[in-house]
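here you go, sequence then predicted model.
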Amino acid sequence: MQNNYYQPYYETMPYEEIKKLQSEKLVKQVKHVYDNVKYYRDLMDEKGVKPEDIKGIEDLHKLPFLKKDDLREAYPYGMLATDLKDCVRIQSTSGTTGKRVVAFYTQNDVDMWEECCARAITAVGGTNEDVCQVCYGYGLFTGGPGLNGGSHKVGCLTLPMSSGNTERQIQFMMDLNATILCCTPSYAAYIGESLKERGYKPEDNKLKAGIFGAEPWTEEMRRDIEKSLGIKAYDIYGLTETSGPGVAFECQEQTGMHINEDHFLAEIIDPETGEVLPIGSKGELVFTSLDKEAFPLIRYRTRDICVLSREKCSCGRTFVKMTKPMGRSDDMMIIRGVNVFPSQIEAVLLNSGYAPNYQIVVDRVNNTDTLDINVEMMPEDFSDTPKDIMNKEKSLAGSIKTMLGISPKVHLVAPKSITRSEGKAVRVIDNRKRLGINV
Ligand code: ADP
Ligand code: ZN
């Protein structure tokens, strides 16, 4: 595949120039926020830092962080930095981890966001000859509107499907020859499964690429989806607070996502101490949106854990790359004192030949944490005797124990008994929370 850029000037800008651009934008942005957002002005005053103290990105560390709780406290208008009459749109977080956050956009903000999505679509080979099927949810969730806007900008024929109604998704995909599919990875897996059930082979569809994100997914899941749909599967990352999907996107190398650094300044910090970590360290991703007008967040702590890298990329883009976030710091479960991410369990299941249909149930019985994992049987398990099934469960539990260091109970359950996701998959049920235990 060729190196396709949507905005080559920015996407291939030498790093020294990106830094200069970021510095200029940061100085302006800090002043804009200080002058217009009382909430952040108070935080800066508390820290004793004035806009004049910020002369470039080297001064970024002087500024206070913002957390999701700040946004919840400032709900709805407390972070707004422009007149409401200059705003044309709101979007809202999915509320995966608590009360929803509302973000505001001016027309310039919408354009910038859609351009970021257009970069992502172009990077996977999208052109005006493509048919782009968007089955992220439309509405308050940013997935649908973001990719829809990006697809328009690239000039693809856009199928604004939204999520759900898998029957119709498949019909339109086949009848209208969709070439690019955009949705959550869990929904992509479900569409792949549904195509197979209807007797389609991977080569029967015209899809060439998928742009999947909005939730954590493993490399194993990527391979699974690529195989079932006969495509290349690319990752895309973003969050409502900074705009939506397209903050970072994968290129043909598929080794992490380029962050659109002309718009978003990224840092990695130690989530415990807030200390800024050197490039290459694993930690919490923090973003400063450099030119958003209505909802410009400075040093926003995403709670997503990843690693940044500035290694040269074969696609020619100079933007820093982030690894796939393995989950948010608050997706991490502490089970019997051990840190566990659902993605670690997913990797073992898929490597052992199971489909990505599973559910993790955590509980506490007699003061001890329990970990149960329900996994759907594969069709070939049907003819198994109860003893065979028990052996398979034991073997899977053994592999998971090797990965995590703690023993789960694995239950092979009937096919189709775990609800499929059309948006962000819910993988964990933590009953300890219902018991009022702080986990
Ligand atoms: P919510 O925080 O309520 O889920 P959003 O819909 O804005 O609201 O989701 C943004 C979050 O989704 C990110 O902070 C991140 O945790 C997750 N996310 C988005 N894209 C990816 C991705 N490609 N890989 C892993 N996680 C992702
Ligand atoms: Zn690249």
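Yes, it's here. Given the structure is predicted, the values throughout are model-derived calculations rather than measurements. Ligands and ions are numbered 1, 2, ... in the order given.

next up, the contacts around D291.
When contacts are counted by C-beta atoms under 8 Å, 6 or more residues apart in numbering, D291 touches K25, Q29, N108, M112, H263. C-beta here means a position set from N, CA and C on the backbone, and glycine is covered the same way.

now do the closest residue to the fourth one other than its chain neighbours, the pLDDT please.
Spatially, and ignoring its direct neighbours in sequence, M112 is nearest to H263 (6.0 Å; C-beta to C-beta, 6 or more residues apart in numbering). Per-residue pLDDT puts H263 at 98.

and for the one 3 residues further on?
On pLDDT, A266 comes in at 98.

quick one: secondary structure of it?
Taking DSSP: H, G, I helix; E, B strand; the rest coil as the rule, one finds A266 in the strand state.

in the sheet, who's paired with it?
A266 has the following beta-bridge partners by DSSP bridges: F287.

count the neighbours of it for me.
A266 has 20 neighbouring residues, counting by other C-beta atoms under 10 Å.

ditto for the one 4 residues further on
Here the neighbour count serves as a burial measure; for D270 (other C-beta under 10 Å) it reads 13.

that one contacts P278, correct?
No. The pair D270 / P278 is not scored as a contact, 11.1 Å apart, by C-beta atoms under 8 Å.

so what's the residue nearest to M112 up against?
Taking C-beta under 8 Å, 6+ apart, we find H263 in contact with M112, C116, S289, L290, D291, K292.

before we move on, the earlier item: in strands, which of the contacts of D291 appear?
Among the contacts of D291, no member falls in strands (criterion: DSSP state E).

need these in a markdown table with distance to L80, can you?
Shown next, in a markdown table, are the contacts of D291 (distance: C-beta to C-beta, whole Å):
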| residue | distance to L80 |
| --- | --- |
| K25 | 20 |
| Q29 | 15 |
| N108 | 15 |
| M112 | 17 |
| H263 | 19 |
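
for ligand 2, state which of these is nearest.
Among the contacts of D291, H263 lies closest to ligand 2 (C-beta to the ion), at 17.1 Å.

and that closest one, how far is that from L159?
From H263 across to L159, the span is 27 Å (C-beta to C-beta, to the nearest Å).

cool, G405 as well?
G405 sits 45 Å away from L159, going by C-beta to C-beta.

more neighbours, these two?
The neighbour comparison of G405 against L159 (other C-beta under 10 Å) goes to L159, with 21 against 13.

show me this structure divided up by domain.
According to automatic domain parsing, the chain comprises the domains 1-326, 333-434.

what's the spacing between the first one and its chain's center?
Distance, stretch centre to chain centre, for domain 1-326: 8 Å (C-alpha atoms, centre = their mean, to the nearest Å).

same question, the last one
Its chain's C-alpha centre lies 23 Å from the corresponding centre of domain 333-434 when counted by C-alpha atoms, centre = their mean.

now distance to ligand 1 too, for the domains of the chain, in JSON lines please.
Listed next are the domains of the chain as JSON lines, based on distance: least, C-beta to the nearest ligand atom, whole Å:
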{"stretch": "domain 1-326", "distance to ligand 1": "3"}
{"stretch": "domain 333-434", "distance to ligand 1": "6"}
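
top of the contacts of H263 by neighbour count?
Result: C116 is most packed of those (other C-beta under 10 Å), 30 neighbours.

was I right to think that residue contacts V247?
Yes. Assessed by C-beta under 8 Å, C116 is found in contact with V247 at 6.7 Å.

just checking, what packs against the helix or strand where R119 lies?
In this assignment (DSSP states H and E), R119 forms part of helix 107-123. Secondary structure elements in contact with helix 107-123, counted by 3 or more C-beta pairs under 8 Å, 6 or more residues apart in numbering; DSSP states H and E, are strand 87-92, helix 143-154, strand 232-238, strand 245-250.
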